[in-house]
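Undergrad: sequence? don't have it. structure:
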Ligand code: CTP
C-alpha cells in the first residue's frame, strides 16, 4: 500500500489510517538522507501515527527541528539533558509508550553505537530504554556499508537484538559514488512500517515448516557441490511467518540465531530427513531452499589428490526431490509452496514445476536480472497458484515479498479451516 495515495482529507484531523492509534518514534541521524525523513514523518502522520521525532546533534546540521515539528505537530526531541543539565524522564516515558522506534536514516556511526549499547545522545538512550520494536533504515556510502565493522554491527542488531534492518537500495550517492547504500525509498519504509505494526496474528496456531539456503553435497573432506543461495529469502519467510504468530520451524543450511526452532542441515538427504520428520504435523511447507539435484555417488574419505591426468570424472546420482515427494502425499488440509529460480522461460518452467510437484503456490524469479535474487536483499518475482492465477511483484525487499506470501497463506489456511468446519 502506498499511503501517499491516500488523500490527506481522508485522514482529516482525526488521523484515521492504517497506523491509527500507533505511536512511532522517528529517530533521525546525521546523513544527507535526513531530508527524506521529512517526507517519511509526514507520511507516517498521514497514515494515522502519532509521530515523535528524535534527532541526533548531527542530524540538525541537515534539517531543522522546526521542519519535523511542523510536519508531525509534535515537539522534536534533541537533547539528552535539559538546559541546566538535568535528566529528562519524559524521554524514557516516550521510549516506553512507543509502539515502534524507526531510525531513518541510520548512519554507520549510530549503527556502531547501537550495537555496543553506547547512549551518549538521546536517540541511543531511547533505543536502549525501549521495549518497542526497532526498525533501522541504514544510509551511507557503499564502502562504509561494506566495511566489516558495519556489517558486523548490522549483524548484531539484526540477529542478536532482533532489530529489523530495512535494506539500503542501490543508486548514486550524494557523494557521487555508485553502489548500495542509499536509504530505502520512503514508500518502501512506510509500507514496511505499516505491515510491521499491522502485523496481524493471522498465522497464530499454525505450524509452518520453512527451508532455506543451498544444500552442500560433499565430494571429499574439503570439497562440496553447492550453489549460490544465501538463505535470505527463506529466513525472511520464517521471520514473516513468526511475526504473524505462526509456530515456525526453519530447516536451513545457513546458521542463524532466532527465537524459533532452527535446524541446521548440510545435504539434500539431511534436509529431506529433517523436513519429513516435521511434515505430518505442519500446516504448510514452504520450500525456499535450493536443493542440489545430484550428489557424488562416492564421498572420498581422503582429500582427492591431483593426478597427472588432465581430466577427472565425478559420478553423480540423483537426490530425492523433497517437494515432489511431499506434494504427492500431502493431506487436503496442508499447503505446499515452492520456489523456482530460473535462467530462461521463467513462466513456463515455474508453471510446469507447480503442476508436476502438485504445489498450491510457486514463486518464480529470473536469476539473470542483476541486483536481485541470490545474495541480494531484494527480489522481483512472479507468483502462480494451482488455480491458474498469476501475480507479478516488482523489485522489493525479500521481507516484503515474504509478507505478501504470508498474507496469501493465511487466507488459504483460513479457507481450508472454514471448509473443514463446513463439512
Ligand atoms: N526442490 C526440492 N528437492 C530437490 C530439488 C528442488 O524440494 N531435490 C524444491 C526447491 O526447494 C524448490 C522447488 O523444488 O522449492 C524447485 O526447485 P528447482 O531447483 O527450481 O527445480 P528442480 O525441480 O530441481 O528443477 P531444475 O533444477 O531442473 O530447474
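TA: Good, I have the coordinates. These numbers come from a predicted model, not from an experiment.
Undergrad: give the burial count for residue 47, as a bare number.
TA: Residue 47 has 25 neighbours, counted by other Cβ atoms under 10 Å. The C-beta positions use only the backbone N, C-alpha and C, and glycine is treated the same way.
Undergrad: just checking, it touches residue 194?
TA: Yes: the pair residue 47 and residue 194 passes the contact test of Cβ atoms under 8 Å, sitting 6.5 Å apart.
Undergrad: low-confidence ranges in the stretch 301-423 of the chain?
TA: For the stretch 301-423 of the chain, residues meeting the criterion pLDDT under 70 lie at 420-423.
Undergrad: interface residues of it facing the ligand?
TA: The stretch 301-423 of the chain comes close to the ligand at residues 319, 321, 322, 323, 338, 339, 340, 341, 353, as judged by Cβ under 6 Å from any ligand atom.
Undergrad: which residues touch the residue of the stretch 51-200 of the chain found nearest the ligand?
TA: Closest approach between the stretch 51-200 of the chain and the ligand, counting by Cβ to the nearest ligand atom: residue 167, at 23.0 Å. Contacts here follow Cβ atoms under 8 Å, 6 or more residues apart in numbering; on that basis residue 167 touches 184, 377, 378, 397.
Undergrad: residue contacts, residue 232?
TA: 375, 376, 377, 398 are the contacts of residue 232 under Cβ under 8 Å, 6+ apart.
Undergrad: buried among those residues? Make that a PyMOL selection.
TA: Selecting the buried subset of these in PyMOL, with 16 or more other Cβ atoms under 10 Å as the burial test, is done by:
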select buried, resi 376+377+398
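Undergrad: low pLDDT regions in this protein?
TA: In the chain (pLDDT under 70), the answer is 1-16, 82-90, 199-200, 420-423.
Undergrad: chain center to stretch 137-145: distance?
TA: Remark: stretch 137-145 is offset 18 Å from the chain centroid, using Cα atoms, centre = their mean, to the nearest Å.
Undergrad: so what touches stretch 260-270?
TA: By Cβ under 8 Å, 6+ apart, stretch 260-270 touches 215-218, 238, 242, 247-256, 271, 273-274, 291-292, 295, 319-320, 322.
Undergrad: count of neighbours near the nearest residue to residue 404 once chain neighbours are set aside?
TA: In this structure, residue 404 finds its nearest non-sequential neighbour in residue 393, 6.3 Å apart by Cβ to Cβ, 6 or more residues apart in numbering. Counted with other Cβ under 10 Å, residues neighbouring residue 393 total 16.
Undergrad: so residue 27, which of the three states?
TA: Secondary structure state of residue 27, per DSSP: H, G, I helix; E, B strand; the rest coil, is strand.
Undergrad: help me confirm that residue 188 is found in a helix?
TA: Yes: under three-state DSSP, residue 188 sits within a helix.
Undergrad: thinking again about what came up before, and the contacts of stretch 260-270, which of them are in helices?
TA: 238, 242, 271, 273, 274, 322 (DSSP state H).
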